[in-house]
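> Next come a sequence and a model predicted from it.
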Amino acid sequence: MDGTKQQRRGFSFAIDRGGTFTDVFALCPNGDMHVSKLLSEDPARYSDAPREAIRRVLEEVTGNAYPQSEPLPSELIDSIRMGTTVATNALLERRGEPCALAISAGYKDLLHIGNQARPSIFDLKIRKPDVLFTEALEVEERVILEQDLCRLSVADGCRRVKGVTGETVIVTENLNTEKLRRDLQPVLDRGIRSLAVVLLHSYTFREHEETVGRIAVEMGFTHVSLSSAIMPMVRVVPRGFTACADAYLTPCIHRYVYSFASGFHDNLKDTRVQFMQSDGGLTPMDKFCGSKAVLSGPAGGVVGYAVTTAAVHAGSPVIGFDMGGTSTDVSRYHGSYEHVFEATIAGVTIQSPQLDINTVAAGGGSRLFFRAGMFVVGPESAGANPGPVCYGKGGPLAVTDANLVLGRLLPDYFPKIFGPDEDQPLDRNAAITRFDALTEEVNAFLVAQGESATPAMSRDDVAMGFLKVANETMCRPIRALTQGKGYDTSRHVLACFGGAGGQHACAIARSLGMKRVFVHRYAGILSAYGMALADVVHEEQEPCAVMYRR
């Protein structure tokens with residue numbers, strides 16, 4: 001998506017659908033650039049924010065009217081690149097597709113047991129993360145690896161097969177297809193149409209999983225995730241978690257993708273539509289899947305600041321500080337993207353390449369609470385609807401209200417997209433009224449605690465107190481990315497972007513001893529701009545088994 005000003009065949013859109021705002025970067029046929037921002041959720045006005053954003057740009061640039069009730073003309077569009085939080089939200093809120101797990105007999109509880117990790121070892125009340133599948137069924141089959149030290153008894157005549165890793169696999173029990181069909185039918189009868197298939201050693205011997213998948217599709221399952229296709233790597237537990245995540249999230253993504261495309265002529269048949277993956281690369285719409293979509297939105301921001309800071313601060317390590325409406329994403333770049341190949345997100349371990357991004361629940365929409373004498377910020381968010389108090393829709397106090405009360409946000413320079421009719425500026429008076437009430441509550445608590453000698457807090461004191469709490473929350477993951485890995489935080493450049501990043505960047509840099517803050521001209525929509533700069537990638541992984549000898 002070349003940003004140079006030249007004549008183009010049609011419009012090119014790069015869109016980041018975040019939790020609160022949807023950001024749009026568009027290149028017009030005459031080479032002009034167009035940026036816009038609208039609420040991600042506003043049911044009274046539109047059903048899908050990215051499609052509505054495209055409609056508004058087309059109307060503004062062409063001068064023609066395109067009613068919401070009619071499909072948009074896809075012939076005007078050359079390409080669409082998008083990052084979406086559909087998979088992230090479905091995983092966090094556990095609103096994915098009901099799915100079943102088909103696993104080798106005797107291992108039905110394997111994913112319940114997991115890997116026995118105890119991140120909070122001294123917690124007095126351990127809550128085990130829930131699994132994503134609704135029910136599990138055992139598949140009668142068994143294969144083992146042929147090894148000299150193996151003491152398992154193997155019957156004569158067992159089939160021996162060379163796996164894709166070069167290891168020899170012994171099929172001690174063939175797949176019982178009749179029992180498989182009998183077990184799958186009740187699952188279908190209960191309305192479950194998505195299936196994850198996880199068989200032992202399928203990373204090297206895929207035949208049984210492929211047969212299970214074929215039978216499931218023949219019987220009526222609409223989506224089947226084979227662990228040997230999703231993540232063909234050794235270690236069955238993370239491979240199983242990844243396959244379940246794919247079966248749980250991919251149908252949600254497909255529904256959204258098809259719903260989005262249905263709002264255009266010919267369902268965008270001849271238009272290049274690509275989605276951002278968690279690894280920072282783009283993939284065609286029909287190959288976009290759940291296990292690689294969890295960081296779809298934040299990945300665009302990493303590409304955006306990595307490319308834009310390279311020309312100005314070449315050679316300097318950079319911390320990306322992406323503060324949006326719902327959360328803040330931080331990452332590090334020093335000449336190359338930093339990836340992780342296994343991460344636990346919302347209690348689910350996903351074994352898939354993804355950018356090393358740390359997320360904290362502190363954003364412009366993070367709610368403010370006064371609890372037992374403490375200022376608390378988040379993790380609950382006011383979201384896009386109703387949003388903070390200043391949005392004029394009856395929402396709760398949030399970080400954005402604190403910034404507005406302190407004069408860090410100027411309503412005259414903010415888009416007039418608020419209020420019941422989406423034509424009003426930010427309502428500073430409403431935010432002041434709510435903060436005055438909260439200030440009275442805080443001072444009443446201090447008096448009740450016998451601290452009457454302490455000067456009463458002003459409205460600004462309370463607002464600044466909440467911002468200090470939010471800033472410290474956002475500093476922690478930055479320290480983990482730098483000091484936690486042996487890097488000197490003060491030597492980094494802070495690349496600030498996101499709708500709320502500029503309001504907190506200087507305070508964050510001061511707390512961390514950083515002396516340089518980089519703000520791009522498109523900082524407010526840098527995740528969308530990053531998608532315009534990203535590359536299309538083809539990702540492939542193959543298992544390998546090699547004897548290591550000194």
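Cool, the structure landed.

> Which strands and helices lie in contact with whichever helix in the chain runs longest?
If you go by DSSP state H, the chain has its longest helix at helix 236-261. Applying 3 or more C-beta pairs under 8 Å, 6 or more residues apart in numbering; DSSP states H and E, we find helix 236-261 packed against helix 86-92, strand 99-104, helix 110-113, strand 194-198, strand 223-226, helix 227-230, strand 348-350. Bear in mind the C-beta positions are built from the backbone N, C-alpha and C, glycine included.

> for these, which one ends up most surrounded?
Counting by mean count of other C-beta atoms under 10 Å, strand 194-198 has the highest mean neighbour count of those, with a mean of 28.

> Between strand 99-104 and that one, find me the angle.
Here strand 194-198 points in a direction 20 degrees away from that of strand 99-104 (axes from the mean of the first three to the mean of the last three C-alpha atoms, to 10 degrees).

> Could you check the angle strand 194-198 makes with helix 236-261?
Angle, strand 194-198 to helix 236-261, by the same axes, to 10 degrees: 150 degrees.

> Give me the helices and strands touching strand 194-198, please.
Against strand 194-198 (3+ C-beta pairs under 8 Å, 6+ apart) you get strand 99-104, helix 207-219, strand 223-226, helix 227-230, helix 236-261.

> Near the closest residue in space to Val536 that isn't next to it in sequence, how many other residues are there?
Sequence neighbours aside, Leu282 is the residue nearest to Val536 in space, at 4.6 Å (criterion: C-beta to C-beta, 6 or more residues apart in numbering). Number of residues near Leu282 (other C-beta atoms under 10 Å) recorded here: 23.

> so what's Leu282 bridging to?
Under the criterion DSSP bridges, Leu282 forms beta bridges with Met276, Val536.

> Hmm, it is touching Glu539, no?
No. Counting by C-beta atoms under 8 Å, Leu282 does not reach Glu539; the two are 11.1 Å apart.

> overlap in contacts of these two?
Common contacts of Leu282 and Glu539 (C-beta atoms under 8 Å, 6 or more residues apart in numbering): none found.

> show me where the chain has helices.
Under DSSP H, the chain gives helices at 49-62, 86-92, 110-113, 177-189, 207-219, 227-230, 236-261, 296-310, 399-405, 428-448, 459-481, 505-512, 526-533.

> which one of the ones you listed lies closest to Leu39?
Across the helices of the chain, the minimum distance to Leu39, taken as C-beta to C-beta, is reached by helix 49-62, at 6.9 Å.

> How far away from the center of its chain is that closest one?
25 Å (C-alpha atoms, centre = their mean, to the nearest Å).

> angle of it against helix 526-533?
Using the same axes, to 10 degrees: helix 49-62 against helix 526-533 is 70 degrees.

> about what we covered before: quick one: closest of the helices and strands packed on helix 236-261 to Met514.
Closest of these to Met514 is helix 86-92, at 28.1 Å (criterion: C-beta to C-beta).

> Now that closest one: average pLDDT?
For helix 86-92, mean pLDDT rounds to 80.

> can you give me the offset of it from its chain's centre?
How far helix 86-92 lies from its chain's middle: 7 Å, per C-alpha atoms, centre = their mean.

> Surely Gly10 and Ser74 touch.
No. Checked against C-beta under 8 Å, the pair Gly10 and Ser74 is beyond contact range at 9.0 Å.

> of those two, who's got more company?
Counted by other C-beta under 10 Å, Gly10 and Ser74 do not tie: Ser74 has more neighbours, with 19 against 16.

> pretty sure the more buried one is in contact with Gly263, am I right?
No. Using C-beta under 8 Å as the test, Ser74 is too far from Gly263 to be in contact (9.6 Å).

> pLDDT below threshold where in the stretch 51-200 of the chain?
150-155 (pLDDT under 70).

> what's the answer for the chain, then?
The chain contains residues with pLDDT under 70 at 1-8, 150-155, 451-453.

> so how far is Gly465 from the residue of it most remote from its centre?
Distance to the chain centre peaks in the chain at Asp156, reaching 50.7 Å (criterion: C-alpha atoms, centre = their mean). Distance of Asp156 to Gly465, given as C-beta to C-beta, to the nearest Å: 77 Å.

> Glu472 too?
From Glu472 across to Gly465, the span is 11 Å (C-beta to C-beta).

> Just want to know which of these two has more residues nearby.
Gly465 (18 against 14).

> so who does the more buried one touch?
Phe375, Met457.

> if we go to 7 Å?
Applying C-beta atoms under 7 Å, 6 or more residues apart in numbering, we find Gly465 in contact with Phe375.

> Likewise for Val237?
By C-beta under 7 Å, 6+ apart, the contact set of Val237 is Leu110, Leu111, Gly114, Asn115.

> and which of those is nearest Asp270?
Nearest to Asp270 among the contacts of Val237, with distances taken as C-beta to C-beta, is Leu111, at 42.1 Å.

> Thought Phe241 was touching that closest one, still the case?
Yes. Taking contacts as C-beta atoms under 7 Å, Leu111 lies within contact range of Phe241: 6.5 Å.

> any idea how far Val517 is from Gly304?
16 Å.

> More neighbours: which of these two?
Gly304 (30 against 17).

> what's the closest non-adjacent residue to the more buried one?
Spatial nearest neighbour of Gly304, excluding adjacent residues (C-beta to C-beta, 6+ apart): Gly530 at 2.6 Å.

> For Arg127, grab the count of nearby residues.
Using other C-beta under 10 Å, Arg127 has 8 other residues around it.

> cool, Gly83 as well?
30.

> do the same with Ala509
Ala509 has 23 neighbours, counted by other C-beta under 10 Å.

> Contact partners for the residue nearest the centre of the chain?
The centre of the chain sits closest to Leu295, judged by C-alpha atoms, centre = their mean, with a distance of 3.3 Å. Leu295 is in contact with Ser278, Gln354, Leu355, Ile357, counting by C-beta under 7 Å, 6+ apart.
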